[in-house]
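*Asks:* pasting the sequence and the predicted model now:
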Amino acid sequence: MIRYLQVVLICIQISLPLFSQTDYSSVLRKGSIIPGFDVFITYDQVTRKVNIKEFKGKSLLLDFWGVHCVPCINGLPKLLELQSKFGDRIQIILVTNDSKEEVDNLWNRLLKNEVTRNWVSIGKKLPIVYNDTTLFSLFQCEGQPTHAWIDKDQRLVALTKGASTNEENLTKFLSGNNTELVDEQILFSSDKNNPIAWIRENSFIEQFIPYYSFLITSISLGPSQTGIPNDHQPRRVVYLTDSTHEDTIGIFCNAGSIIGLYRVAYAKNFGEYKLVPFNRIVVEAERTNRFFPEKNTDFIEWAKQNMFSYALKLPLIQAKYINETMIRNLDSFLQVESHVKTIKVPCLILKRTPDDSKPLYSSYKGPQKHGISNDSSFLILENVGLDMLRHYVADLFFSNDPGLRFFDETGYMGKVNMRLRIKRPYSKNTLVLLDEDLRRYGFSLVTEERSVKMLVLKDRSSPKANP
């Protein structure tokens, strides 16, 4: 049963469907006549209000898609090709409840990729509905891509997977032979604003699969150049809680790298942190590109293979084992050997200098003030604690080394007043200047090894990883 679920889920590649409210009291079923309603359709950059009844006499294919759905994006060239092939016999309309701005951002990203550059013309050659508030709900689209086949009499013939839309099936559809069109069978649905809505209590799926764990590839096209945060934090993490006992019985992680998923799984091993600190992770791998996209790597292609969504739900009696179960699942699914180990690693250490005559604070008793000077050359701290110094130092070095480990060993709990030179962009001289200035206040910043509890991830997917 578990193997079956994994295969089906990977095939349909659950993306992040978008839901919206509608004034209609019921959803459309196979054979239903489409009611008349207005939609705003944009074609060749011109938007106009159209009543769906205006299309009567012409077959329609509605493509429900989203900017975060990789199969949807990959299928757009095929839809344009089919529209050109069948011409006026059918009208293909793209439907998304993403905004025009979000879709335009997608086109801009595709323009930067030589392979996908030509796809941008699709945005002008096929009509599109932005910010949909009706169609997704009316057709009960619980997964993307979903295609609604509507005949010339405006009768809903079928809801199918995107893979069902091809020249052969369109030819049969337009000739009135619809026996080969298979209705869409949705196992799970996921709202991007509430990605575990499909595993809530009383969901229709509960009667079939009350407990589960699975992993699927899942991509998130973020606004950053690399498409992934420096610290590999998953796009969204949601916990499912038993309403009676307040115990966590489910976890959903959306669009996370291997490192990101393990940051969630091992969080309890690192005390007060909601996620394992990124600087407490060590990767041992022959193929580091599984864990980190290499420089100049096409992020979309990398993400197709190395970003995932994971879901787990356990019986209440096993709730206390939820993190351990997630760890076992990830190790098995991802072919990684993970464990927590105390090892010596290089760290940045903030210390007190032996000379106690240095002033740790001044007589200044004014309001608290902290920040970077207008010319970006000084860090100014007035009447604040050392935690603020740690914050700025970590931020300064993090952009260059996300794995930086920084510890305050001063034991000093008072206030400080400092003016410290900083140098950007980061260089070796940055640390030298900062240490020189800190010594004037009785502190020093040095690089030394410390024994630190670390999460070790060892790649087991390559032959060399297995002795």
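*Replies:* Cool, the structure landed.

*Asks:* what's the domain layout of the protein?
*Replies:* Listed by automatic domain parsing, the domain ranges of the chain are 17-174, 197-334, 345-454.

*Asks:* would Val50 count as being in a strand?
*Replies:* Yes - counting by DSSP: H, G, I helix; E, B strand; the rest coil, Val50 is part of a strand.

*Asks:* before we move on, the earlier item: could you dump the domains of the chain to a markdown table with mean neighbour count and distance to Ser461?
*Replies:* For every residue, glycine as well, the C-beta is placed using N, CA and C. Shown next, in a markdown table, are those (neighbours: other CB atoms under 10 Å; distance: least, CB to CB, whole Å):
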| stretch | mean neighbour count | distance to Ser461 |
| --- | --- | --- |
| domain 17-174 | 17 | 22 |
| domain 197-334 | 17 | 7 |
| domain 345-454 | 15 | 21 |
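
*Asks:* distance to Arg460 and mean pLDDT added to the ones you listed, as JSON lines?
*Replies:* Shown next, in JSON lines, are these (distance: least, CB to CB, whole Å; pLDDT from 0 to 100):
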{"stretch": "domain 17-174", "distance to Arg460": "26", "mean pLDDT": "82"}
{"stretch": "domain 197-334", "distance to Arg460": "8", "mean pLDDT": "79"}
{"stretch": "domain 345-454", "distance to Arg460": "18", "mean pLDDT": "80"}
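
*Asks:* what number of residues lie near Glu337?
*Replies:* Glu337 is flanked by 13 other residues according to other CB atoms under 10 Å.

*Asks:* cool, and the one 3 residues further on?
*Replies:* Burial of Val340 is recorded as 13 neighbouring residues (other CB under 10 Å).

*Asks:* which residue is the nearest non-sequential neighbour of it?
*Replies:* Spatial nearest neighbour of Val340, chain neighbours left out: Asn269 (5.3 Å); criterion: CB to CB, 6 or more residues apart in numbering.

*Asks:* next: Thr241.
*Replies:* Nearest residue to Thr241 in three dimensions, chain neighbours excluded: Thr248, at 5.7 Å (CB to CB, 6+ apart).

*Asks:* identify the neighbouring strands of the helix or strand where Ser309 lies in the sheet and state each direction.
*Replies:* Using DSSP states H and E, Ser309 sits in strand 307-313. Sheet pairing for strand 307-313, assigned by DSSP bridges, gives strand 212-217 (antiparallel), strand 248-257 (antiparallel).

*Asks:* quick one: name whatever helix or strand follows that strand.
*Replies:* That would be, after strand 307-313 and using DSSP H and E, helix 322-334.

*Asks:* name the next helix or strand downstream of that next one, please.
*Replies:* Counting by DSSP H and E, what follows helix 322-334 is strand 336-352.

*Asks:* partners of that next one, with directions?
*Replies:* In the sheet, strand 336-352 lines up against strand 406-408 (parallel), strand 443-459 (antiparallel) (DSSP bridges).

*Asks:* got the angle for the longest one vs helix 322-334?
*Replies:* Counting by axes from the mean of the first three to the mean of the last three CA atoms, to 10 degrees, strand 443-459 points 60 degrees away from the direction of helix 322-334.

*Asks:* report the separation between the nearest residue to Gly75 once chain neighbours are set aside and Ile73.
*Replies:* Leaving out its chain neighbours, the residue that sits closest to Gly75 by CB to CB, 6+ apart is Gly162, at 4.9 Å. Using CB to CB, to the nearest Å, we find Gly162 at a distance of 11 Å from Ile73.

*Asks:* before we move on, the earlier item: show me the contacts for the residue nearest to Gly75.
*Replies:* By CB atoms under 8 Å, 6 or more residues apart in numbering, Gly162 lies in contact with Asp63, Pro71, Cys72, Gly75, Pro145, Thr146, His147.

*Asks:* got the contact list for the fifth one?
*Replies:* When you say that, I think you mean Pro145. Contacts here follow CB under 8 Å, 6+ apart; on that basis Pro145 touches Asp63, Phe64, Trp65, Cys69, Pro71, Cys72, Gly75, Lys161, Gly162.
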